[in-house]
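Enquirer: how would this look folded up:
(4 chains)
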Protein chains: 4
Amino acid sequence: MNFGSDNSSGVHPRIMQALADANEGVAGSYGRDDLTRRACEAVREMLGAPRAAVFLLGTGTGANALALAQLCPPWGRIFCHKTAHIETSESGAPAWMAGGAQLALVEGEAGRMTPDTLAARIADYPQEDEHDGKNAVLSITNATEWGTVHDTAGVAALTAVARDAGMTVHMDGARFSNAVAATGASAADLTWRAGVDALSLGGTKNGCLALEAVVFFDPDRARDFSFRRMRAGHLWSKHRFLAAQMLAWLEGDLWLTLARHANAAAVELATGLRSAGFQPMVAVEANEIFIRLPRDLIARLRTAGLRAADWPTVGDDETQGTIRLVTSWATTEGEVATLLRAL
Amino acid sequence: MNFGSDNSSGVHPRIMQALADANEGVAGSYGRDDLTRRACEAVREMLGAPRAAVFLLGTGTGANALALAQLCPPWGRIFCHKTAHIETSESGAPAWMAGGAQLALVEGEAGRMTPDTLAARIADYPQEDEHDGKNAVLSITNATEWGTVHDTAGVAALTAVARDAGMTVHMDGARFSNAVAATGASAADLTWRAGVDALSLGGTKNGCLALEAVVFFDPDRARDFSFRRMRAGHLWSKHRFLAAQMLAWLEGDLWLTLARHANAAAVELATGLRSAGFQPMVAVEANEIFIRLPRDLIARLRTAGLRAADWPTVGDDETQGTIRLVTSWATTEGEVATLLRAL
Amino acid sequence: MNFGSDNSSGVHPRIMQALADANEGVAGSYGRDDLTRRACEAVREMLGAPRAAVFLLGTGTGANALALAQLCPPWGRIFCHKTAHIETSESGAPAWMAGGAQLALVEGEAGRMTPDTLAARIADYPQEDEHDGKNAVLSITNATEWGTVHDTAGVAALTAVARDAGMTVHMDGARFSNAVAATGASAADLTWRAGVDALSLGGTKNGCLALEAVVFFDPDRARDFSFRRMRAGHLWSKHRFLAAQMLAWLEGDLWLTLARHANAAAVELATGLRSAGFQPMVAVEANEIFIRLPRDLIARLRTAGLRAADWPTVGDDETQGTIRLVTSWATTEGEVATLLRAL
Amino acid sequence: MNFGSDNSSGVHPRIMQALADANEGVAGSYGRDDLTRRACEAVREMLGAPRAAVFLLGTGTGANALALAQLCPPWGRIFCHKTAHIETSESGAPAWMAGGAQLALVEGEAGRMTPDTLAARIADYPQEDEHDGKNAVLSITNATEWGTVHDTAGVAALTAVARDAGMTVHMDGARFSNAVAATGASAADLTWRAGVDALSLGGTKNGCLALEAVVFFDPDRARDFSFRRMRAGHLWSKHRFLAAQMLAWLEGDLWLTLARHANAAAVELATGLRSAGFQPMVAVEANEIFIRLPRDLIARLRTAGLRAADWPTVGDDETQGTIRLVTSWATTEGEVATLLRAL
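Expert: Okay, here's the model as predicted:
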């Protein structure tokens, strides 16, 4: 019963096979190979963005930090939800890579900023002179850290506020697949058509071994980004093995199939939990469930083999704990059934 | 009627005279001169801290940023009030100089964190592993940006929370003189005896030309700080002219006399405002008054010669504006009287 | 005939198989898994360093830059050969990650500093005060960028100079395997027993997919390094796939077998070149050959299928070009024979 | 007999008087005052550059580092003479402020690069891809650290090489006054007309208390520089006291008079030294003399009151030492005569 993290799951067999296939023969290093050319083209096609600049790398923190460093001047401010991964879980990477930028945290229910909370936060920083720094970038996490999603209208409403404030927009798409699967929107509608300038596109949590992409929809925004990636040590020498993952992941919409699977497992699990009388804390829209359970029940489930992360609890009831259940491309019906039975 | 900023006032005559006196003859550069030795000794004496490491420089942002960079690792987090100068008015200097650190903003009335709001904010960042960054430093502004002060008990209550969380403590004392004058506490009681590790001691706003000091009460914390100051370009070559300011400022407690004058002028002005039916928004404890006035009244006062900064207004009443009135060592009774008459 | 780069070769079958094997089931993320524990232990064993702190990551630039950032203060100076990879080919990564450090370039024949050239360069920077920065780290590349190696005596002679100057020592071991294979020294003798404090141990160029390690022989030097790796985006979430590579690479001394193969192919090729009347520019000690050839011959070889990097030529003879030939674990006898025949 | 440093001299009386005069009344802070407006205008006039963007600050290292940070991308390379102040004496400030840039050191006699040595050094860094970093900026020190100067043809010859390589040009003018005085060229001819893009203009060494300016001849190059200065803590709050120095320094060409005085004193001293049989090591063109003397003579002169810096000696003769003699605006005929007599 692994609901600990989508990073605990392995690599999808088709992607593992693609790595083996890519291992034939000799290839140019540092991205000067044919697989890389094709992989970047495939990303552009998936996003409906033929002019986009696409860069592959191996980690999500690398992708977020480098994308934000590209968009944000050192004296800039990056607005994000107070539970955004870039704030809570990257040890300050984006701010550092951007040369000392600052995050400005925005309130909002269930992991989502609203246009109002965002606008209010921006208004905290009037732009009078050099003392104020610059309101520079909005970063939207989709799907959010609370397993909710922004649909196209939701994204567009936020980017409109950013645009009015003269800011650019980044999307942390570590679970972008899950957001596309959940909303039914196209990848294009959920990004550049809704006002997103740069996307961190995550493959690792959704069946890849180590694969993320940074996409700039306007290639002019990618100027010198190759230097940035290089000096952060994020340019792979045997680059074909990033490209092979991407090609296999996109081939036949495998990425979407895997995300739908993960989301469906979460829905099934949530339904079972509700039937058992346990209400998820926020709507289950992607592949994460946050739930309060009696502490002794959590302990018993763990004994029975449950892997799930403890989550900080806000309530007063000491007998209740909070856990996060994450489903993935690899979650089996058996695992869901076992957990529900154990409840 | 200059109530625009304590930075708009000039230099006290005794300090200007000290600069002229220091100009005689030849002196070692970069702090290798006798005046510097004496000035650092005088700071130690004023603070009752014979072992403290003292560094002089010319700007408050330099002092804050360098002191915090010394205390905070690049992956660290600096907790401060959401209206702290280091957050609102230094264009990200501390975070940058600390190598990409982050500020964590704490709520609290009238510019002051409370032990509870601070503890709650620290609890937002559990320290489980490398994803979390480090809760590293508490920065207390005293006097605050809202013209209130922390007394010794108030400082100690905050530093206790920080200490429990394994953090060190910085005090932004750009208006430290005003805090000492307001509380009647000794400089020692208000700093190291209350748990402060490093102090940015501000002279510029209180009668100097360009003079701040960074003080580390435990000299071991100052290791390599001279390199840090140097490479930020904050080591003056004709260093005697920093030292001369400091000696004159401390001589005969001029610093305290000037701060008392500024505070008293603020009290007098606040009293007059209340008599005229206008209530300051927060308690007037140091040398700043924040007040809502009818917009047309503000306009008339400006026409009559008032210099005062506009302040963001939070209320709904469109006919009301908010201004900040700052008194200084140079504020005259005449200015106060003129303003009160004009009301 | 691929002699373009050891990064152009693929992944050794046993390592590819290890990736597939590691894909079974669920594993803790971010290095909290059993494979990682075992892989780090295996590195310690190979190095004869049971107390060493070992960190895995995916790129050589990441390994070098992070290791150096750990050893070097922001105001420090890193001494290295003027052709060191950290100087010529990492776009400034080490200096940036170290917070703005500087490289000091050292002369020396065939890619090697000598104790004398190193000592002379250190003497360029007397350590009088904060203006001077700190002479902080020596970085030795082994094997060098010119395909030569330092034996244990050679390493020890350089580290002695560094130690005398109060500096620590880093070894860029992107081709450490080749150096061990060439010298016949043990990994321990070539590193910590010869005075090396930190090693970047490279697997990628020698049969892995993406695998490097940073090793601190004294674990006290590794303090907070996990934060450093995290915020540079170099902590893999599916960390078991780094560990699996390392275990397979070290298993049965595969790493050494592969390096010996590469070195032997270079020797064979060099012998053939000499027989054909072409003298390598420097001694062929590891897996690289630098050679001047008539430009028209180079062109004909390329037409015949040769992959080899152009190298800057220093001589005056316009009819001569310079190329670099790199052998790898995957170089075949056939490739060598074909090239020699083509000559 | 103070020949220790031009930083050991005090402030010219007219500049000290200007500070006192500027102290009258109230002035806008942070450069929003009339004196600042006039001072920047005066700099533009002196430089014959009506469109130039001018920023005042207090230290030379601040000026150099911020100017270079503005011109150089983080992955850029700054070419300078191997004895340039930015290399030897600023503890890495420029590289750090530029976000981790690197200095590339250029050879040349007597503190001067030549077009050939510069071009050769640039050729060391072919610009093929992201591994290489960018050849970004040339920094010329004028007068040099060896007391020699570049005349307009000399500057133009170097900037032409830079321009051909796609680089911009900075001039470290900590002793710019001395260079203008020595060459007889106009400030315009020696800077922008000769291809200089940004100038660090130094007042501190030449009679000011703490005053430098950063000038961008094309104001488009100054974009967001105010943020950069602010977050480095180099924006003075009582900015009028920078401006007052500048106005007095430029008024009636005081700056040039003082520099001529310093240069003349050096010439007189050098002439006397030669008469006494001691030959300066390099041509005495500005206000510095480097000279080898018997060590016992140096000791005797020190006993007699000489202040002069020891300089690293290169020769083999252990009985000879090297000292640097610096003259300044404040050097008296008596000091020169006393020293020559003592010889």
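
Enquirer: Next to chain C in this structure, residues from the stretch 1-150 of chain A, please.
Expert: By the rule CB under 8 Å from any CB of the partner chain, the part of the stretch 1-150 of chain A lying against chain C is A:2, A:4-5, A:7-11, A:16, A:19-20, A:22-30, A:57-66, A:90-93, A:96. Using the backbone N, CA and C atoms, a C-beta is placed for each residue, glycine as well.

Enquirer: Spatially nearest residue to the closest residue to chain C within the stretch 151-300 of chain A, not counting backbone neighbours?
Expert: Using CB to the nearest CB, the closest approach of the stretch 151-300 of chain A to chain C is made by A:Gly233 at 3.0 Å. Using CB to CB, 6 or more residues apart in numbering or on different chains and skipping the chain neighbours, the partner closest in space to A:Gly233 is C:Gly62 (3.0 Å).

Enquirer: pLDDT weak spots in chain A?
Expert: Across chain A, the ranges flagged by pLDDT under 70 are A:314.

Enquirer: Can you show me the helices along it?
Expert: A:13-22, A:34-46, A:60-71, A:85-88, A:93-97, A:115-123, A:152-164, A:176-183, A:187-190, A:225-231, A:240-250, A:254-275, A:295-303, A:333-342 (DSSP state H).

Enquirer: Let's have those in CSV, adding mean neighbour count.
Expert: Converted to CSV, the helices of chain A look like this (neighbours: other CB atoms under 10 Å in any protein chain shown):
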stretch, mean neighbour count
helix A:13-22, 18
helix A:34-46, 18
helix A:60-71, 28
helix A:85-88, 23
helix A:93-97, 30
helix A:115-123, 18
helix A:152-164, 20
helix A:176-183, 27
helix A:187-190, 21
helix A:225-231, 23
helix A:240-250, 26
helix A:254-275, 20
helix A:295-303, 14
helix A:333-342, 15
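
Enquirer: Just put those in JSON lines and tack on distance to D:Ala49.
Expert: Shown next, in JSON lines, are these (distance: least, CB to CB, whole Å):
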{"stretch": "helix A:13-22", "distance to D:Ala49": "58"}
{"stretch": "helix A:34-46", "distance to D:Ala49": "46"}
{"stretch": "helix A:60-71", "distance to D:Ala49": "33"}
{"stretch": "helix A:85-88", "distance to D:Ala49": "43"}
{"stretch": "helix A:93-97", "distance to D:Ala49": "36"}
{"stretch": "helix A:115-123", "distance to D:Ala49": "38"}
{"stretch": "helix A:152-164", "distance to D:Ala49": "37"}
{"stretch": "helix A:176-183", "distance to D:Ala49": "51"}
{"stretch": "helix A:187-190", "distance to D:Ala49": "49"}
{"stretch": "helix A:225-231", "distance to D:Ala49": "32"}
{"stretch": "helix A:240-250", "distance to D:Ala49": "50"}
{"stretch": "helix A:254-275", "distance to D:Ala49": "57"}
{"stretch": "helix A:295-303", "distance to D:Ala49": "72"}
{"stretch": "helix A:333-342", "distance to D:Ala49": "72"}
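
Enquirer: Those: which one's closest to B:Leu209?
Expert: helix A:93-97 (34.1 Å; CB to CB).

Enquirer: Quick one: name the residues of the stretch 201-343 of chain A near chain C.
Expert: Checking the stretch 201-343 of chain A against chain C by CB under 8 Å from any CB, the hits are A:204-205, A:209-210, A:227, A:230-238, A:241, A:307, A:330.

Enquirer: one more time with 10 Å
Expert: Within the stretch 201-343 of chain A, the residues that sit near chain C (CB under 10 Å from any CB of the partner chain) are A:202, A:204-205, A:208-210, A:212, A:226-242, A:307, A:328, A:330, A:335.

Enquirer: measure the residue nearest the centre of chain A to D:Ser226 for me?
Expert: Centrality entry for chain A: nearest residue to the mean C-alpha point is A:Ala174, 1.9 Å, by CA atoms, centre = their mean. For A:Ala174, the distance to D:Ser226 (CB to CB, to the nearest Å) stands at 36 Å.

Enquirer: Kindly state the domain boundaries assigned to chain A.
Expert: Using automatic domain parsing, the domains assigned to chain A come out as A:13-252, A:254-342.

Enquirer: Of all those, which one comes closest to C:Leu254?
Expert: domain A:13-252 (15.9 Å).

Enquirer: Residues of the stretch 1-150 of chain A that sit close to chain B?
Expert: Counting by CB under 10 Å from any CB, the stretch 1-150 of chain A sits next to chain B at A:61, A:65, A:73-77, A:82-83, A:85, A:87-105, A:123-126, A:128-134.

Enquirer: Try it again at 6 Å.
Expert: Residues of the stretch 1-150 of chain A lying close to chain B (CB under 6 Å from any CB of the partner chain) are A:Trp75, A:Ser89, A:Ser91, A:Gly92, A:Ala95, A:Trp96, A:Gly100, A:Gln102, A:Glu130, A:His131, A:Gly133.

Enquirer: The third one - nearest residue in space that isn't next to it in sequence?
Expert: The spatially closest residue to A:Ser91, leaving aside those adjacent along the chain, is C:Arg231, at 4.0 Å (CB to CB, 6+ apart).

Enquirer: circling back: OK, contacts around the residue of the stretch 151-300 of chain A closest to chain C?
Expert: C:Thr59, C:Thr61, C:Gly62, C:Ala65, C:Ala93 (CB atoms under 6 Å, 6 or more residues apart in numbering or on different chains).
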